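Sequence and predicted structure below; questions after.
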Amino acid sequence: MNSRRLWNRIWPPLAAVILFILVWQVSTSLFNIEQWVLPSPSTIADQAVSEAAGLWVHTFATLRLMLLGFVIGSVVGLLVAFLLHYIPFLKSALYPLIILSQNVPTIALAPLLMIWFGFGLLPKIIVITLVCFFPVAVAAMDGLTRTDRVMLDYMRMSGASRQAIFTKLEVPHALPSIFSGLKIAATYSVMGAIIAEWIGADKGIGYYMMLQKASFRTDRTFVAIAVIVIVSLAMFALVALLEKWLIRYNPTEDKQK
Amino acid sequence: MNMIQSQQPNLPAAALELQNISLAFADGSQRLPVLNDISLTVPSGQFVSIIGPSGSGKSTLFHVIGGLLRPEQGLVRIHGQDVTGERGYISYVPQRPALFPWRTTRDNILLAREISGGIDQHVRAEAENWIAKAGLKGFEKAYPHMLSGGMQQRASFLRGLIAPQELLCLDEPFSSLDELTRHEMQEWLLELWEEQRRSVLLITHSIEEALLLSDTVYLFSNRPASIIHKVAVPFERPRRKDIANDPEFLRLKREVSERMVEQQRKKPI
């Protein structure tokens, strides 16, 4: 019953992807498109298999960097949200600055960070943290401010301490919101890691991409893109799974009037 | 915590005593008076109700009793102790169940003790006992959205009943329920209360509900709310199920109803 429902949700996008790849495959041979302009899916798959051993090392490096950055970025985002939620003055002072920080393009900031902090792990982590903390912080703050009034009144009249209100009501109430921020941050973290590796790294998928681009290996660039897509999806799925495990109730229910 | 104890420690203190409570909200430069010199008493072990037109500031009064709002004038005494503006002295049952959706029924009920009092084996046993009495057996591990409206409200009641604070404040607890469930819940509460005899203050807009359940009923005026009448309900306990058909009950109901209609007419538009 349940697996059938799952299948009903999965097959339409799956069919679309398969159809897309088929059209791509057929058109590359039909229109005689040069391999260095647009390689066919089968060529890309061949390359992926032959490059597998080296690719794995690069993928592993990116995964490590990305997970580390994602965790640090999310924790920073949550801490910022909690702090600003509790000190309204700080919120009104810093909130515009936080939004402003998002207008600075990461790709422009990354080289500066390399100049300041060298080519080690630190500047890369900073890049990922910068892209990850924002969606988490905004979603968490939003969730915290929308705490149910009646529940809050109940807690306060019952004499609950501020800490009890925070841990027993505000945070659980904000969890669905926090998770929508975390899902965005999860996909951003992959992008952050790739950009960080473009700027300065000796391994990782971003580094691999730069290498292949330099030698016009379009097919291998596509392999890298495929890896990024898979990693992004896996990251998203991981967070979604965590959400499912943590939020076992029906969160739409508390939106009732 | 206020260190000044009751002035007359030899007298049995009322569960709740409101002395000349007045409160106004600031609306821009205007003062919007909400509560006007409210004095009322809930004697220990009695059931007292407040009936008032909607928007008369009844819920504001609860916020004052619960310590969320500090009155401009007046005192709130609970069991003889001045607790004006202090929180944690009442057990509160809100208008809608407001169960935490991420907690099971059992954990929602135990929340009251998590906040104050603490949980031990006795409390757990007490909770199980209540759950069985409220007909929620088998739903202990269910989340609120799996319960019907009446069951949710009953769980919310149990959360209030299990709280260590003696005074129970009910804020229109049946208003979100359908007619049938409301009747059922009123009977359930009546039976339960007559067994327990906790001190209760109920806010309601149903005259019948107030007369059915209470020992004393206070009538509130329009905003700013003041007390226009106090009714001592004469029916003996335990109350008969068919009391609502008693001629005396109907007479009282009509009397209260006329006073309320009079208030509604005076309402400024």
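Now that the structure is in, tell me what you want to look at. None of these values were measured; they are calculated from a predicted model.

from here on, contacts and neighbour counts on C-alpha atoms
Will do.

how about the residue nearest the centre of chain B, what does it touch?
For chain B, residue B:170 is the residue whose C-alpha lies nearest the centre (Cα atoms, centre = their mean; 2.4 Å). Contacts for residue B:170 (Cα atoms under 8 Å, 6 or more residues apart in numbering or on different chains) come out as B:92, B:93, B:94, B:95, B:200, B:201, B:202, B:203.

when you check chain A, which of these turn up near it?
Among the contacts of residue B:170, the residues lying close to chain A (Cα under 8 Å from any Cα of the partner chain) are B:92, B:93, B:94.

What subset of those residues is buried?
Neighbour-count burial (16 or more other Cα atoms under 10 Å in any protein chain shown) applied to those gives B:92, B:93, B:94.

quick one: pLDDT of the first one?
What that stands for is residue B:92. According to the prediction, residue B:92 has pLDDT 92.

Contacts only, for it.
Shown in contact with residue B:92 (Cα under 8 Å, 6+ apart): A:154, A:157, A:158, B:160, B:168, B:169, B:170, B:171.

Could you find the closest non-adjacent residue to residue B:149?
Spatial nearest neighbour of residue B:149, excluding adjacent residues (Cα to Cα, 6 or more residues apart in numbering or on different chains): residue B:177 at 6.7 Å.

thinking again about what came up before, counting only helices, which of the contacts of residue B:92 make the cut?
Judged by DSSP state H, helices contain the following of these: A:154, A:157, B:160.

what about the second one, how many neighbours?
To tie it back to what came earlier, the one meant is residue A:157. Counted by other Cα atoms under 10 Å in any protein chain shown, the residues lying close to residue A:157 total 23.

I'd say it and residue B:94 touch.
No. Applying Cα atoms under 8 Å, one finds residue A:157 not in contact with residue B:94, separated by 10.4 Å.

burial count for residue 152?
Just so you know, I chose chain A. Count around residue A:152 with other Cα under 10 Å applied: 17.

nope, chain B please
21.

ditto for the one 10 residues further on
Applying other Cα under 10 Å, we find 20 other residues in the vicinity of residue B:162.

measure the residue nearest to the centre of chain B to residue B:42 for me?
Counting by Cα to Cα, to the nearest Å, the gap between residue B:170 and residue B:42 amounts to 13 Å.

Now list whatever residues contact both of those two.
Between them, residue B:170 and residue B:42 share these contacting residues under Cα under 8 Å, 6+ apart: B:200, B:201.

returning to that earlier point: now, which of the buried ones among the ones next to chain A among the contacts of residue B:170 lie within strands?
In this view, those that belong to strands under DSSP state E are B:92, B:93.

how close does the residue of chain B positioned farthest from its centre get to residue B:55?
Taking Cα atoms, centre = their mean, the residue of chain B most remote from its mean C-alpha position is residue B:29, at 33.1 Å. Using Cα to Cα, residue B:29 is found at 21 Å from residue B:55.

just for chain A, where's the confidence low?
Residue ranges of chain A with pLDDT under 70: A:1, A:250-257.

Residue numbers of it in contact with chain B?
Counting by Cα under 8 Å from any Cα, the residues of chain A that sit close to chain B are A:150-151, A:153-161, A:164, A:169, A:172, A:247-251, A:253-254.

CA atoms of stretch B:166-179 as CSV?
Extracted C-alpha coordinates of stretch B:166-179, given in CSV (Å, rounded to 0.1, in the frame of the first residue of the first chain):
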residue,chain,number,x,y,z
GLU,B,166,-5.0,24.0,43.1
LEU,B,167,-7.0,26.7,41.3
LEU,B,168,-8.3,25.7,37.9
CYS,B,169,-9.0,28.4,35.4
LEU,B,170,-11.1,27.4,32.4
ASP,B,171,-11.3,29.9,29.5
GLU,B,172,-14.4,29.0,27.5
PRO,B,173,-13.2,25.4,27.2
PHE,B,174,-16.2,24.1,25.3
SER,B,175,-16.7,26.9,22.8
SER,B,176,-14.9,25.2,20.0
LEU,B,177,-16.9,22.0,20.3
ASP,B,178,-20.1,21.1,18.5
GLU,B,179,-23.4,21.1,20.5
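
so how far is it off the chain centroid?
Relative to the mean C-alpha coordinate of its chain, stretch B:166-179 is positioned 7 Å out (Cα atoms, centre = their mean, to the nearest Å).

Could I get the full set of helices for the stretch 151-269 of chain B?
B:179-196, B:207-213, B:247-266 (DSSP state H, counting those that start in this stretch).

let me fix that: the stretch 1-150 of chain B
Secondary structure of the stretch 1-150 of chain B (DSSP H, counting those that start in this stretch): helices located at B:58-65, B:105-115, B:121-133, B:149-161.

what helices or strands is the second one leaning on?
Using 3 or more Cα pairs under 8 Å, 6 or more residues apart in numbering or on different chains; DSSP states H and E as the contact criterion, the neighbours of helix B:105-115 among helices and strands are helix B:121-133, helix B:149-161.

Out of the buried ones among the ones next to chain A among the contacts of residue B:170, the closest to residue B:248 would be?
If you rank these by distance to residue B:248 using Cα to Cα, residue B:93 comes first, at 30.5 Å.

Grab the nearest non-local neighbour of that closest one.
Nearest residue to residue B:93, sequence neighbours excluded (Cα to Cα, 6+ apart): residue B:170, at 4.9 Å.

Domains in chain A, by residue range?
Following automatic domain parsing, one finds the domains of chain A at A:1-33, A:40-255.

What's the local residue count around residue 121?
The chain I'm using is chain A. Per other Cα under 10 Å, the neighbour tally for residue A:121 reads 13.

oops, chain B please
8.

Please apply the same query to residue B:264.
So residue B:264, with other Cα under 10 Å, has 15 neighbours.

And for residue B:137?
14.

Equivalent analysis for residue A:83, please.
Residue A:83 has 14 neighbouring residues, counting by other Cα under 10 Å.

did I read that right, it in a helix?
Yes. Under DSSP: H, G, I helix; E, B strand; the rest coil, residue A:83 sits within a helix.

measure it to residue A:232 for me?
Counting by Cα to Cα, the gap from residue A:83 to residue A:232 is 30 Å.

Then residue A:77?
Distance from residue A:77 to residue A:232, by Cα to Cα: 20 Å.

Between the two, tell me which one has more neighbours.
residue A:77 (28 against 18).

State the helix or strand in which that one lies.
Assessed by DSSP states H and E, residue A:77 sits inside helix A:41-86.
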